[in-house]
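# Sequence first, predicted model second:
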Amino acid sequence: MDSIEKKVIYFFILMVFACVIFSEENENMETGLDSIFADILLRSEQFSHNSIGNILIVKVGEQKMYLIDENMKIKQIFLVSTAKNGIGNLKGSNKTPLGFHRIVKIAGRGEEKGVFFNNDFKVLGFAKIYTDTTDSPDDMLTSRVFVLEGLEDGVNKGENIDSFDRKIFVHGTNEEGLLGKPMSKGCIRMNNDDIINLAEIIAEGTLLYINE
């Protein structure tokens, strides 16, 4: 066997191997049944009122949020931004808490893209949305806001660590160009179009899990 034939055979083997890996990854994307998701969905049953329904899973290490449907399939993946200070639950730390949360309020439905709110969800005007790497002095709540309630005592629920009291939200951001990097003050930032569309898919009461 000459060197050209060997190269052809090696190339063929590599192509087959790559196709197998791609197929497995594609299957995982469609089913959502990797070990992390399966474990989270199993544990989520204790916090669900009835059926699990949709659940949102934030992977801090990836700076992504996954929408998982009632059939445990990944329906959408969103680029997000968690806290610049990392993960943590203490009040005043400006860190993103881990664990199970429930979305207890979706604010801003029906409002135009780019409006910004105060912490009581009153519309204050329209934000300038940066799609480049501008790091503005303002950390705005834009377009839609999901209010989170921590569900785990000692993790994200209780004195000085309570996600609801800390006003940990999922919200649209005026700094879209910085999504994919940890840049927030504790909240989970999203692209404005993404959160507007997501607000029409999920309901109040949806579970959200933040995973390290």
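It's in.
# how long is stretch 185-195 from one end to the other?
End-to-end distance for stretch 185-195: 18 Å, by Cα to Cα, to the nearest Å.
# what does stretch 144-157 give?
One end of stretch 144-157 to the other measures 24 Å (Cα to Cα).
# And it, what's buried?
Within stretch 144-157, the residues that count as buried by 16 or more other Cβ atoms under 10 Å are 144, 145, 146, 147, 148, 149, 150, 151, 152, 155, 156, 157. Using the backbone N, CA and C atoms, a C-beta is placed for each residue, glycine as well.
# hang on, isn't the fourth one packed against residue 169?
Yes: judged on Cβ atoms under 8 Å, residue 147 makes contact with residue 169 at a distance of 5.9 Å.
# And the helices in the protein?
3-31, 35-44, 192-201 (DSSP state H).
# Now the last one: average pLDDT?
The predicted model gives helix 192-201 an average pLDDT of 97.
# Which other helices and strands does that helix contact?
strand 74-81, strand 141-150, strand 169-172 (3 or more Cβ pairs under 8 Å, 6 or more residues apart in numbering; DSSP states H and E).
# what's stretch 88-97 in contact with?
60, 82-87, 98, 150, 155-156, 160-163, 165-166, 168, 182, 184-188, 210 (Cβ atoms under 8 Å, 6 or more residues apart in numbering).
# Any stretches of the protein with poor pLDDT?
For the chain, the stretches flagged by pLDDT under 70 are 1-34, 49-52.
# Now with 90, please.
Residue ranges of the chain with pLDDT under 90: 1-54, 69-73, 137-139.
# Quote the end-to-end distance of stretch 56-68.
Length of stretch 56-68, first residue to last, Cα to Cα: 6 Å.
# Tell me how far it lies from the chain's centre.
4 Å (Cα atoms, centre = their mean, to the nearest Å).
# Show me which positions of it end up buried.
Judged by neighbour count using 16+ other Cβ under 10 Å, the buried positions of stretch 56-68 are 56, 57, 58, 59, 60, 63, 65, 66, 67, 68.
# Max pairwise distance over the residues you listed: which two?
Within these, 63 and 68 form the most distant pair, 17.6 Å apart (Cβ to Cβ).
# How far does stretch 65-74 stretch from one end to the other?
10 Å.
# actually stretch 163-172, not the one I wrote
Termini of stretch 163-172 sit 18 Å apart (Cα to Cα).
# same check, this time on stretch 109-122
With Cα to Cα as the measure, the ends of stretch 109-122 fall 12 Å from one another.
# what does it contact?
Contacts to stretch 109-122, defined as Cβ under 8 Å, 6+ apart, come from residues 107-108, 123-127, 129, 140-145, 167, 174, 192-193, 196, 199-200.
# Tell me which residues of it come out buried.
Residues of stretch 109-122 classed as buried: 111, 113, 114, 115, 116, 117, 121 (neighbour count, 16+ other Cβ under 10 Å).
# Not counting its neighbours along the chain, what's nearest residue 148?
residue 101 (4.2 Å; Cβ to Cβ, 6 or more residues apart in numbering).
# wait, isn't that neighbour in contact with residue 149?
Yes: between residue 101 and residue 149 there is a contact under Cβ under 8 Å: 6.2 Å.
# overlap in contacts of those two?
In terms of Cβ under 8 Å, 6+ apart, residue 101 and residue 149 are both contacted by the residues residue 163.
# can you list the buried residues of stretch 109-122 in JSON lines and add distance to residue 72?
Shown next, in JSON lines, are the buried residues of stretch 109-122 (distance: Cβ to Cβ, whole Å):
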{"residue": "111", "distance to residue 72": "32"}
{"residue": "113", "distance to residue 72": "31"}
{"residue": "114", "distance to residue 72": "34"}
{"residue": "115", "distance to residue 72": "35"}
{"residue": "116", "distance to residue 72": "35"}
{"residue": "117", "distance to residue 72": "33"}
{"residue": "121", "distance to residue 72": "32"}
